[in-house]
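Chemist: From the sequence below, what's the structure:
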Amino acid sequence: MQRVAIVTVDLEHGHAEVGRGFDIVAGFDWPRHAGGLGVVASILLQRIAAHDRTLVEEALRAALSGGDETPGAVSFDTIDRDGATRRLECSWTVECRHGRPLRLAVACAHLPKHMPSEGAEVDRYEALTSRLRLEHARLELALAAGRMGAFDLDIGNDVLWWSPGMYEIFGVSPDVFVPTREGVLTLMHPDDRSGFLAARRRAMAERRGYEHEFRALLPDGRVRWVAHFGRTQCDDEGRPMRTYGITMDVTQRRAQQEALREADRQKDRFIATLAHELRNPLAPIRNSVELLRRLPAGEAMVNWHSDVIDRQVTHMSHLLDDLLDVSRITRGTIQLRRSPMSLSTAVERALEVAMPVMLSLGHRVEVDVPEEPLEVHGDATRLAQIVSNLLINAAKYTPPGGRIELHARREGREAAIRVVDNGAGVDPDDLPRLFEMFGQLGTDVERSQSGLGIGLWLARALTHLHGGTLDAHSEGRGRGSEFSVRIPLLAARTAAPPAADHSEARRRAASAPLSVLIADDKVDIADSLAELLRLDGHVVHVAYNGDAAMEIARRVRPLVAVLDLGMPGRDGYDVCRALRGETWGAGMTLIAQTGWGMAEHRNRAREAGFDHHLVKPVDPADLAAILESVARVRAGTRDDADR
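Modeler: Numbers count the residues shown, from 1 in each chain. Predicted coordinates:
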């Protein structure tokens with residue numbers, strides 16, 4: 001005979017769900033009354049023996065006013081339908097939100113009085129049986145508190161058992177729904193059924209446990225996310241006999257996960273927007289710096305100010321690039337453009353970036369790179385970024401006038417790069433923290449020459465992407481630091497024959513003037529870039545919006561167009577597609593100039609029809625290289641026509 005029953009009370013909406021067998025456990029029926037939960041509670045209290053009524057009232061009052069989810073229990077006498085005294089033990093747990101009770105789950109167990117004794121063994125059996133029932137009730141209570149349900153499928157007899165919590169999770173009534181294998185599938189979202197069956201089938205075949213999450217369709221139309229954890233029991237011949245486990249409501253967790261993903265997407269959008277907004281004012285500054293440099297030499301201060309502005313623009317650009325790289329690496333979207341290359345190429349590029357910083361602080365720089373080529377399979381830009389980050393880090397944490405050494409050599413099957421300084425040094429215990437995000441140590445934040453604290457983290461991450469390692473060593477504070485990068489070397493290759501040199505005529509043609517259209521709604525950016533290109537002898541036309549750009553393009557039919565992507569109204573994407581749609585525009589060289597530098601923006605630009613994607617502030621040398629390439633192609637076409 002069943003002697004345990006579960007009652008779940010929704011305190012927020014004022015209704016209760018009563019498990020089967022309550023009348024058997026309590027000895028009376030659950031009161032059904034239209035007066036609501038308060039009237040029902042009053043009726044139930046009248047069923048409690050007078051000498052225990054105050055005890056129960058105080059226990060429940062303490063449970064509901066405590067504001068926490070500490071479980072409780074109380075034993076008391078009740079009066080059953082026949083007027084006899086019956087002993088019950090009730091255990092409960094309360095679900096709270098912000099200290100307010102929302103849900104009360106109660107397990108009721110009948111504790112029978114001692115039967116006429118047939119000996120001590122009978123008494124001990126009855127006591128153990130009662131305790132077993134009570135423990136079972138507590139288990140049911142725990143499942144209910146955790147919004148869990150248990151299941152047990154007898155495969156041979158095709159009989160499925162559900163605990164009371166299963167009905168609540170799937171939103172069905174045990175009086176209406178009979179659990180069967182086919183019936184459970186109807187409660188699942190149609191798109192999730194095949195995945196669930198396949199996961200369970202694989203787990204049963206491999207005799208292992210399985211976990212699967214799917215959507216349950218509730219009768220009221222709501223969707224609930226459910227996590228299903230099962231195990232399979234097999235007979236001696238390995239045939240599945242039984243599958244059992246628990247199911248739990250994970251809707252709230254899934255919602256929280258989606259909220260975290262959305263927050264991550266918003267963070268990425270914020271970083272990209274920040275970079276875009278900061279790059280816009282940098283572009284005209286960089287163009288103006290280049291113009292100042294090309295003016296006839298006048299006062300020395302003009303050149304000095306030009307150098308200061310250029311260093312700060314370059315520094316800010318590097319900070320923005322580092323921010324974007326962190327986002328790409330953490331999301332796993334960074335792409336390396338790897339190819340066979342000499343490590344000296346990356347070292348030379350790194351020195352170009354870091355040397356102004358080191359010299360501005362009066363450091364003595366020693367470079368030791370072997371003449372033999374150290375061939376690696378790498379991304380030249382990223383390898384240069386690794387080395388330049390280490391050099392700049394050494395410069396920042398070395399007092400002015402210090403010494404910085406850069407060594408490269410072959411060590412077995414690896415290329416080893418060491419950056420050594422005589423600067424601030426690091427306590428050995430703090431070395432692992434150097435490579436943490438924003439990992440500036442102690443007062444070094446004030447002592448350093450600014451920075452975001454992500455350079456070393458980024459350098460190690462990029463090194464790992466190349467299959468290498470990056471380690472740090474220091475004897476302690478004030479004793480300098482050493483950073484060691486190791487990258488796998490390529491196997492020896494037969495040297496390729498030198499490429500044929502271009503003819504002198506073609507090199508002269510590379511500097512031939514081109515017809516260029518610049519379109520940007522930022523007037524300073526458009527005008528300063530136009531002046532820069534005019535100094536190179538190009539014929540430049542300027543538009544400050546997309547419609548004006550199309551009007552000029554139809555009139556002059558330029559060979560090259562540099563288009564800002566974010567122009568209001570008709571943006572750069574629309575102008576690009578329109579130009580590609582013209583017969584005379586199909587062969588144009590189209591360059592996107594934008595503050596948006598993430599992979600999705602580059603992909604969108606490529607899909608629209610752009611040939612190149614330059615991020616503001618555009619390096620004049622990069623733009624000049626593209627224009628020279630266009631001129632070389634034109635020169636080659638003319639040479640072919642002449643022949």
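Chemist: State the phi and psi torsions of residue 9.
Modeler: Taking degrees, to the nearest 10, you get phi -110, psi 120 for the backbone angles of residue 9.
Chemist: and residue 603, how many residues sit next to it?
Modeler: 11 (other CB atoms under 10 Å). C-beta: built from backbone N, CA, C; applies to glycine.
Chemist: now for the helix or strand encompassing it, which elements pack on it?
Modeler: Residue 603 is part of helix 599-608 when elements are defined by DSSP states H and E. The elements that helix 599-608 packs onto, with contact taken as 3 or more CB pairs under 8 Å, 6 or more residues apart in numbering; DSSP states H and E, are helix 572-581, strand 589-594, strand 612-615.
Chemist: Within its sheet, name the partner strands of the last one and how each one runs.
Modeler: Using DSSP bridges, the strands paired with strand 612-615 in its sheet are strand 589-594 (parallel).
Chemist: Over to residue 88. Which of the three states is it?
Modeler: strand (DSSP: H, G, I helix; E, B strand; the rest coil).
Chemist: show me the contacts for it.
Modeler: If you count contacts by CB atoms under 8 Å, 6 or more residues apart in numbering, residue 88 has them with 25, 26, 75, 76, 77, 78, 108, 109, 110, 111.
Chemist: could you redo the last one with a cut-off of 7 Å?
Modeler: Shown in contact with residue 88 (CB atoms under 7 Å, 6 or more residues apart in numbering): 26, 76, 78, 108, 109, 110, 111.
Chemist: got a list of contacts for the helix or strand hosting residue 340?
Modeler: Per DSSP H and E: residue 340 is located in strand 339-342. For strand 339-342, contacts defined as CB under 7 Å, 6+ apart pick out 373, 374, 375, 376, 377, 378, 380, 490.
Chemist: Not counting its neighbours along the chain, what's nearest the last one?
Modeler: Leaving aside its chain neighbours, residue 490 sits nearest to residue 375 (4.3 Å; criterion: CB to CB, 6 or more residues apart in numbering).
Chemist: what's the average pLDDT for stretch 107-119?
Modeler: Averaged over stretch 107-119, pLDDT sits at 62.
Chemist: SS state for residue 626?
Modeler: helix.
Chemist: go on, residue 243?
Modeler: strand.
Chemist: State the number of residues packed around it.
Modeler: 20.
Chemist: ok, now how distant is it from residue 201?
Modeler: Plainly put, residue 243 is 11 Å away from residue 201 if you go by CB to CB, to the nearest Å.
Chemist: residues near the residue nearest to residue 490, how many?
Modeler: 16.
Chemist: How much space separates it from residue 384?
Modeler: Counting by CB to CB - residue 375 and residue 384 are separated by 16 Å.
Chemist: what's the answer for residue 59, then?
Modeler: Counting by CB to CB, the gap from residue 59 to residue 384 is 72 Å.
Chemist: swap in residue 540?
Modeler: Distance, residue 540 to residue 384, by CB to CB: 32 Å.
Chemist: and what of residue 331?
Modeler: 23 Å.
Chemist: With residue 56 instead?
Modeler: From residue 56 to residue 384 the distance is 76 Å (CB to CB).
Chemist: okay, these two: which has more neighbours?
Modeler: residue 384 (22 against 19).
Chemist: Find me the pLDDT at that one, would you?
Modeler: pLDDT, read off for residue 384, is 90.
Chemist: Quick check: which element contains it?
Modeler: Assigned by DSSP H and E, residue 384 falls in helix 380-396.
Chemist: How about that helix, which residues are buried there?
Modeler: Within helix 380-396, the residues that count as buried by 16 or more other CB atoms under 10 Å are 380, 382-396.
Chemist: Closest one to residue 553 out of those residues, please.
Modeler: Among the buried residues of helix 380-396, residue 380 lies closest to residue 553 (CB to CB), at 35.2 Å.
Chemist: Would you agree that closest one is in contact with residue 347?
Modeler: No. The pair residue 380 / residue 347 is not scored as a contact, 10.4 Å apart, by CB atoms under 7 Å.
Chemist: give me the number of residues near residue 39?
Modeler: 12.
Chemist: For the helix or strand hosting it, which outside residues touch it?
Modeler: Assessed by DSSP H and E, residue 39 sits inside helix 37-47. For helix 37-47, the surrounding residues in contact (CB under 7 Å, 6+ apart) are 14, 15, 16, 28, 31, 33, 53, 78, 79.
Chemist: Mind putting the residues you listed into TSV with secondary structure and neighbour count?
Modeler: As requested, the contacts of helix 37-47 are exported to TSV (DSSP: H, G, I helix; E, B strand; the rest coil; neighbours: other CB atoms under 10 Å):
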residue	secondary structure	neighbour count
14	coil	11
15	strand	12
16	strand	15
28	coil	17
31	coil	15
33	coil	12
53	helix	15
78	strand	21
79	strand	16
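Chemist: Would you tell me which one of these comes nearest to residue 360?
Modeler: Taking CB to CB as the measure, residue 360 sits nearest to residue 14 out of the contacts of helix 37-47, at 73.2 Å.
Chemist: Need the three-state assignment for residue 228.
Modeler: For residue 228, the assignment made with three-state DSSP gives strand.
Chemist: Next, count neighbours for it.
Modeler: The number of residues packed near residue 228 is 20, by other CB under 10 Å.
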